[in-house]
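S.K.: Next comes the sequence, and after it the predicted model I'd like to discuss.
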Amino acid sequence: MSTAPEPTVTPSLAALSRAVDELCALPKEQMGASRKKHLRALEGAFQRAVNGFGLTPDAYDDLASLLAPDSVAEFLRLAARGLIRGDGKTEPESDAQIRARIRAMEIVAEHTRTPFMRPEMPPAPQPAPVVPPVTRALLLEHFKGQVERSISEPFRVRFLAMYGVVLDTAASSGTLAGQHVAHLARDLSTLRLQRPRGGRQTTEPPVEEWELSPATRDALAAYLPLRDQLTKPLEHPVKHLWVSLEHNNRRLPDGDVVQDPPGLPLRPRGVQRVFARAAQVLNEEMEKLLAERNAPQVGTAVPEWTPMPTRLEPLRRAVEDELRQREEEQGGVHQVIVLRGRTS
């Protein structure tokens, strides 16, 4: 039988819990899932701080005293030392975690109309390098010009559709390899995807539905007829969205080599090779066009060109950071519909 003392529920903690309950009951359009998670984490951290360390003498009285400057300063000092974490770890909380704590306090204070003097925020990290909009615009304008003149090669058509999906959804090579044509809306306005299960993740990841940009829709509209041509001759139907363009040699366990036909599903490593090859070729072509300064499809005033990375993962992470920052700016409201269940 446990002899651990029951945690004390002070008036200030009770008021905090009521406020967090009310905020977490709001629909996701008003309060996103990540914000709710931060609010619950703040509630638990304040409970551990008050019961384990006391904070300041008047932090027990009401919510205003709990969020008073001296109490908050002591709370953040404990957090910075890793003393009020809820995950059993003892490492100091990161700057990002401290910023999340402070933002959660602001939300509680605003909701309850409690005076709150925001402490100094830890400096935000520099944004991860991401392919700038002008680079993407140049690529897509160049692609449209090629399509209009019917000179676009199949690997460029496939790559630019894949590239657009990555920029819209931060999909990894594993996610791309798992996508089916049926996951696309009929009008190509949205795409459902299910990210691969993480190393320690025991439950099936949720199915997400992302809105696709007009440029990505155009790229997919050009790619899908090509895909149909590649998969039609095959004996069995192919569900996967991304398929091979050429014959591929595959070595069997017994050492024999067989030749696979075009139109078969790409695996994650195949997606990575596609990205590396196409990005390198497009970079070289765009550099040549910009050097000549006579590319009619991008106009006479040519913006500065930034080459895209030839590896998918750095770009995916940069896009993921950009999407996360956008979510934070919009109050934690996801820019994606999260669907329960499995992909079809």
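M.R.: Looks like it arrived, so ask away.
S.K.: switch to C-alpha atoms for all contacts and neighbour counts from now on
M.R.: OK.
S.K.: give me the number of residues near the closest residue in space to residue 261 that isn't next to it in sequence?
M.R.: In space, and not counting its chain neighbours, residue 261 is closest to residue 247: 4.7 Å by C-alpha to C-alpha, 6 or more residues apart in numbering. By the measure other C-alpha atoms under 10 Å, the count of residues near residue 247 is 12.
S.K.: mind listing what the closest residue to residue 178 other than its chain neighbours touches?
M.R.: Leaving out its chain neighbours, the residue that sits closest to residue 178 by C-alpha to C-alpha, 6+ apart is residue 240, at 6.9 Å. By C-alpha atoms under 8 Å, 6 or more residues apart in numbering, the residues touching residue 240 are 177, 178, 179, 180, 181, 265.
S.K.: Could you measure from the second one over to residue 124?
M.R.: Computed as C-alpha to C-alpha, to the nearest Å, the residue 178 to residue 124 distance reads 34 Å.
S.K.: Show me which residues of stretch 306-323 are buried.
M.R.: Going by neighbour count (16 or more other C-alpha atoms under 10 Å), the buried part of stretch 306-323 is 306-313, 315-323.
S.K.: for the host helix or strand of residue 19, what is the average pLDDT?
M.R.: Per DSSP states H and E, residue 19 falls inside helix 11-24. Helix 11-24 carries an average pLDDT of 93.
S.K.: Please say which of residue 178 and residue 124 ends up with more neighbours.
M.R.: For residue 178 and residue 124, the more surrounded residue by other C-alpha under 10 Å is residue 178, and the numbers stand at 21 against 9.
S.K.: Can you tell me, leaving aside adjacent residues, what's nearest to residue 246?
M.R.: Spatially, and ignoring its direct neighbours in sequence, residue 246 is nearest to residue 262 (4.6 Å; C-alpha to C-alpha, 6+ apart).
S.K.: can I assume the one you found sits in a helix?
M.R.: No: secondary structure of residue 262 (DSSP: H, G, I helix; E, B strand; the rest coil): coil, not part of a helix.
S.K.: Let me know how buried it is, in neighbour terms.
M.R.: Neighbourhood size, residue 262 [other C-alpha under 10 Å]: 18.
S.K.: Now it, what are its backbone angles?
M.R.: phi -60, psi 160 (degrees, to the nearest 10).
S.K.: how near is it to residue 42?
M.R.: 54 Å.
S.K.: picking that back up, the residue nearest to residue 261 contacts residue 260, correct?
M.R.: Yes: under the criterion of C-alpha atoms under 8 Å, residue 247 makes contact with residue 260 at 5.5 Å.
S.K.: so where is the stretch 101-250 of the chain shaky, pLDDT-wise?
M.R.: 125-152, 197-203 (pLDDT under 70).
S.K.: Looking at the contacts of residue 240, which are in helices?
M.R.: residue 177 (DSSP state H).
S.K.: what's the closest of the contacts of residue 240 to residue 111?
M.R.: residue 179 (41.3 Å; C-alpha to C-alpha).
S.K.: List the residues that contact that closest one.
M.R.: Counted by C-alpha under 8 Å, 6+ apart, residue 179 has contacts 193, 194, 240, 241, 242.
S.K.: Mind picking the two most distant members of these?
M.R.: 194 and 242 (15.0 Å).
S.K.: about what we covered before: phi and psi next, for the residue nearest to residue 178.
M.R.: Dihedral angles for residue 240 - degrees, to the nearest 10 - are phi -70, psi 150.
S.K.: average pLDDT across the lengthiest helix in the chain?
M.R.: Ordering each helix of the chain by length in residues (DSSP H) puts helix 268-292 first. What helix 268-292 shows for mean pLDDT is 82.
S.K.: Run through the neighbouring helices and strands of that helix.
M.R.: helix 154-169, helix 173-177, helix 312-329 (3 or more C-alpha pairs under 8 Å, 6 or more residues apart in numbering; DSSP states H and E).
S.K.: who wins for proximity to residue 270 among those helices?
M.R.: Comparing those by C-alpha to C-alpha, helix 173-177 comes nearest, at 8.5 Å.
S.K.: who touches the closest one?
M.R.: Contacts of helix 173-177 (C-alpha under 8 Å, 6+ apart): 162, 193-196, 240-242, 265-269, 271-272, 312-313.
S.K.: so how far is it off the chain centroid?
M.R.: Mean-position distance between helix 173-177 and its chain equals 14 Å (C-alpha atoms, centre = their mean, to the nearest Å).
S.K.: quick revisit: residue 194 and residue 242: which is more packed in?
M.R.: residue 242 (27 against 23).
S.K.: ok, that one - contacts?
M.R.: 158, 176, 177, 179, 180, 227, 265, 266.
S.K.: Repeat that for residue 92.
M.R.: Residue 92 is in contact with 79, 80, 81, 82, 83, counting by C-alpha under 8 Å, 6+ apart.
S.K.: which residues sit in contact with the last one?
M.R.: Counting by C-alpha under 8 Å, 6+ apart, residue 83 makes contact with 90, 92.
S.K.: Kindly recompute the last result at 7 Å.
M.R.: Listed by C-alpha atoms under 7 Å, 6 or more residues apart in numbering, the contact partners of residue 83 are residue 90.
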